[in-house]
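S.K.: Any chance you can model this:
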Amino acid sequence: MATTLSIDPHHLKGRHVDRAVEVLKRDGVIVYPTDTIYGLGCDVTSKAGVERIRRIKGRDADKPMSFVCSDLVQVSRYGHVSNFVHRILKRFLPGPYTFVLTATKETPRVLQSKQKTVGIRIPDHPVPLALVEQLGNPVVSTSANESNEEVVTNPADLETIFGHRVDLIMECGTLPVLASSVISLVDDRIAILREGQGDLSYFKNELAAG
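M.R.: All right, here's what the predicted structure looks like:
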């Protein structure tokens with residue numbers, strides 16, 4: 001049974017972050033909060049962790065998963081960031097957006113799409129940022145649910161559904177149901193792939209302007 005840590009994101013305790021990072025370093029899988037929904041996560045360099053998350057979700061191997069970075073410098077290691085892309089990322093991150101970029105060679109193949117793209121987040125939430133900063137690697141970020149099932153937002157449900165499947169659950173109360181908005185910036189072209197949380201008026205105006 002997974003250990004559950006009840007946390008206060010605004011008064012995050014170092015020992016809780018330490019414990020989660022130790023799990024991640026051992027190819028473990030955790031549930032953690034973001035600025036949108038709860039996520040299932042592992043170290044992006046852990047093939048065992050990524051495959052385990054796929055099994056937990058019942059997710060097809062050809063369906064890529066996004067991951068959390070701590071800052072734009074780290075983003076540029078895993079995604080190609082042109083001046084156009086940099087301006088947008090700097091404006092909207094941290095925030096409730098997943099940006100799809102052309103993947104670099106640093107990105108593990110298992111996290112790339114067939115088109116060699118990758119989804120990257122910098123959430124406006126202290127927990128995932130603390131995990132990534134202390135781990136030193138990005139953390140996989142995929143919604144805490146089984147494929148084609150509703151996102152799990154209630155802590156009690158997290159324990160019931162994932163308690164025997166993951167190693168650690170970091171819960172901070174009930175979170176919203178709406179996931180991040182997904183925006184593609186591949187080839188310096190804006191495409192809204194999913195409307196979720198976050199203001200999309202800038203992107204819609206840019207598309208309307210042609």
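S.K.: show me where the chain has strands.
M.R.: For the chain, the strands defined by DSSP state E cover 3-6, 30-33, 38-41, 66-68, 97-102, 117-121, 139-143, 168-171, 181-184, 191-194.
S.K.: just the helices in the chain please.
M.R.: For the chain, the helices defined by DSSP state H occupy 14-25, 47-57, 72-78, 83-92, 126-135, 155-162, 201-209.
S.K.: Need the mean per-residue confidence for the shortest one.
M.R.: So the one you mean is helix 72-78. Averaging pLDDT along helix 72-78 yields 98.
S.K.: Tell me the gap between that helix and the middle of its chain.
M.R.: Between the centre of helix 72-78 and the centre of its chain there are 14 Å (Cα atoms, centre = their mean, to the nearest Å).
S.K.: Over to the longest one?
M.R.: If you compare the mean C-alpha spot of helix 14-25 with that of the full chain, they lie 17 Å apart, counting by Cα atoms, centre = their mean.
S.K.: got the contact list for the residue most central in space within the chain?
M.R.: Centroid-nearest residue in the chain, with Cα atoms, centre = their mean: Ser141, separated by 2.5 Å. Neighbouring residues of Ser141 by Cβ atoms under 8 Å, 6 or more residues apart in numbering: 34, 39, 41, 65-68, 98, 121, 123, 128. (C-beta placed from N, C-alpha, C; glycine too.)
S.K.: distance of Leu158 from His125?
M.R.: 16 Å (Cβ to Cβ, to the nearest Å).
S.K.: Quickly compare the helices of the chain and say which is most buried.
M.R.: The highest average neighbour count among those, using mean count of other Cβ atoms under 10 Å, belongs to helix 126-135 at a mean of 20.
S.K.: angle of the least confident helix or strand in the chain by mean pLDDT against helix 47-57?
M.R.: The helix or strand of the chain with the lowest confidence, counting by mean pLDDT, DSSP states H and E, is helix 155-162 at a mean of 92. Between helix 155-162 and helix 47-57, the angle comes out at 110 degrees (axes from the mean of the first three to the mean of the last three Cα atoms, to 10 degrees).
S.K.: Can you list the buried residues in stretch 36-49?
M.R.: Under the neighbour-count criterion of 16 or more other Cβ atoms under 10 Å, stretch 36-49 has 36-44, 46, 49 buried.
S.K.: The residues you listed: which two are farthest apart?
M.R.: Among the buried residues of stretch 36-49, the pair separated by the greatest distance (Cβ to Cβ) is Thr36 and Ser46, at 23.0 Å.
S.K.: Tell me the spacing between Gly198 and Leu178.
M.R.: Distance of Gly198 to Leu178, computed by Cβ to Cβ: 9 Å.
S.K.: what do the two both touch?
M.R.: In contact with both Gly198 and Leu178: no residue, using Cβ under 8 Å, 6+ apart.
S.K.: what about these two, which has more around it?
M.R.: Ranked by neighbour count (other Cβ atoms under 10 Å), Gly198 and Leu178 place Gly198 first, with 19 against 15.
S.K.: Now that that one has come up, it's in contact with Ser180, right?
M.R.: Yes - the pair Gly198 / Ser180 is scored as a contact, 6.8 Å apart, by Cβ atoms under 8 Å.
S.K.: joint contacts of those two?
M.R.: Common neighbours of Gly198 and Ser180 (criterion: Cβ under 8 Å, 6+ apart): 96-97.
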